[in-house]
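S.K.: Sequence below, structure please.
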Amino acid sequence: MSADPRAVLTRPAPPPDATVAYGDHPEQVADLRRPAGDGPPRPLVVVVHGGFWRAEYDRSHTGPMAAALAALGHPVAQVEYRRTGQPDGGWPHTLTDVLAGVAALPGLAAAALPGRVAAVPPILVGHSAGGHLALYVAARAPETVGGVLALAPVADLAEAYRLDLDSGAVAALLGGGPTEVPDRYAAADPSALVSVRVRSVVVHGGQDRQVPVVMSRSWVASARAAGSPATLVELPECEHFGLITPDSAAWPRVVDALRSLHDDLQGIDAASPSR
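M.R.: Presented below is the predicted three-dimensional model:
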């Protein structure tokens, strides 16, 4: 593993097997990766990238992670979305793009990867700002989500605004602070959306300097108090980027968390009389 944790942001990855569009905007696309081997259909894994919702970070930096997941036998979609600093980026399109992509991608992936995508809702794997978006979609459109693996998510937008994470990233996303646009925070902030029916596993490193681990502790505690099936996996020695780096010490824990969500969905699929 590189000594620089941020090296994963520019690490090359094998090209995707296909790229599909879920809308008309150039950013409304996703890269698909075919699962290794010849196994039975599996739930689609939708990777939602981070980068504090900003234009300079796109889906390409999740290529190594997505390729590693495909090598484990998962069909994978790396979803793109409009971001701040782009025309039409930020509120509301950043959020509505991911809602639309998650709803459309299982069908698009099943057509592009015949026989490899199970007919169940996808598992969302979101990192950092992508973790925020994954939790948001699970709260707003739970019928489209089979499970959430949130890796160091920005799970409290009001607190992230107060802490000025990434120099105004939340204000750029929502167009202001909690007192200026309270309705947007009420609609988009996971800390206000803790009653989630979808099972969520939150993994966060204790050495994270980009997104404080206390956000995940607080969100999971509130979600569990509201009756939501949420679990926190805290990795004391892990920083922010190890969670998406396939050769990191944290990666096996990420894979274990994904496997637990996958096994839950496979059990639902097998038990369903309509499948």
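S.K.: What are the buried residues along the helix or strand encompassing Gly63?
M.R.: With elements taken from DSSP states H and E, the one containing Gly63 is helix 63-71. For helix 63-71, a neighbour-count test (16 or more other Cβ atoms under 10 Å) marks 63-70 as buried. Quick note: C-beta positions are derived from backbone N, CA and C, even for glycine.
S.K.: And the contacts of that helix?
M.R.: Helix 63-71 is contacted by residues 8, 11-14, 16, 31, 33-36, 45, 47, 76, 78, 125, 244-246, 251, 258 when judged by Cβ atoms under 8 Å, 6 or more residues apart in numbering.
S.K.: Narrow those residues to those that are buried.
M.R.: Applying 16+ other Cβ under 10 Å to these flags 8, 11, 13, 16, 31, 33, 35, 45, 47, 76, 78, 125, 244-246, 251, 258 as buried.
S.K.: among the contacts of helix 63-71, which are in strands?
M.R.: Per DSSP state E, strands hold the following members of the contacts of helix 63-71: 31, 33, 45, 47, 76, 78, 125.
S.K.: Serialize these to CSV and add fields for distance to Gly107 and pLDDT.
M.R.: Putting these into CSV (distance: Cβ to Cβ, whole Å; pLDDT from 0 to 100) gives the following:
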residue, distance to Gly107, pLDDT
Asp31, 16, 98
Arg33, 17, 98
Val45, 15, 98
Val47, 18, 99
Val76, 16, 98
Gln78, 17, 98
Val125, 19, 98
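S.K.: I'd like the residues you listed laid out as JSON lines, including distance to Asp58.
M.R.: Below are the ones in strands among the contacts of helix 63-71 laid out as JSON lines (distance: Cβ to Cβ, whole Å):
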{"residue": "Asp31", "distance to Asp58": "10"}
{"residue": "Arg33", "distance to Asp58": "16"}
{"residue": "Val45", "distance to Asp58": "18"}
{"residue": "Val47", "distance to Asp58": "12"}
{"residue": "Val76", "distance to Asp58": "16"}
{"residue": "Gln78", "distance to Asp58": "9"}
{"residue": "Val125", "distance to Asp58": "16"}
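S.K.: so which two of these are the farthest from each other?
M.R.: Greatest spacing in those, by Cβ to Cβ: Asp31 and Val125 (13.9 Å).
S.K.: Pick out the residue nearest the middle of the chain.
M.R.: A centroid search over the chain (Cα atoms, centre = their mean) returns Gly126, at 1.6 Å, as the residue closest to the centre.
S.K.: Pull the contacting residues for it.
M.R.: Per Cβ under 8 Å, 6+ apart, neighbours of Gly126: 47-48, 50, 132-135, 148-151, 153.
S.K.: so what's the closest residue to it other than its chain neighbours scoring on pLDDT?
M.R.: Sequence neighbours aside, Ala134 is the residue nearest to Gly126 in space, at 3.1 Å (criterion: Cβ to Cβ, 6 or more residues apart in numbering). What the model reports as pLDDT for Ala134 is 98.
S.K.: try Val148
M.R.: pLDDT, read off for Val148, is 98.
S.K.: all numbers from here: first residue = 42
M.R.: With 42 as the first residue, the last one maps to Val189.
S.K.: ok, Val70 - how many residues close by?
M.R.: Residue neighbour count, defined by other Cβ atoms under 10 Å, stands at 18 for Val70.
S.K.: correct me, but it touches Pro57?
M.R.: No. Counting by Cβ atoms under 8 Å, Pro57 is not a contact partner of Val70; they are 10.3 Å apart.
S.K.: Tell me how far Gly172 lies from Glu278.
M.R.: Gly172 sits 20 Å away from Glu278, going by Cβ to Cβ, to the nearest Å.
S.K.: Those two: which is more packed in?
M.R.: Gly172 (32 against 10).
S.K.: host element of Glu275?
M.R.: Counting by DSSP H and E, Glu275 is part of strand 271-276.
S.K.: what ranges do the strands span in the stretch 42-191 of the chain?
M.R.: Under the criterion DSSP state E, counting those that start in this stretch, strands of the stretch 42-191 of the chain are mapped to 59-62, 70-74, 86-89, 117-120, 164-168, 188-192.
S.K.: Tell me who's in contact with the residue nearest to Gly167.
M.R.: Residues in contact with Ala175, defined by Cβ under 8 Å, 6+ apart, are 89, 165-167, 189-191, 194.
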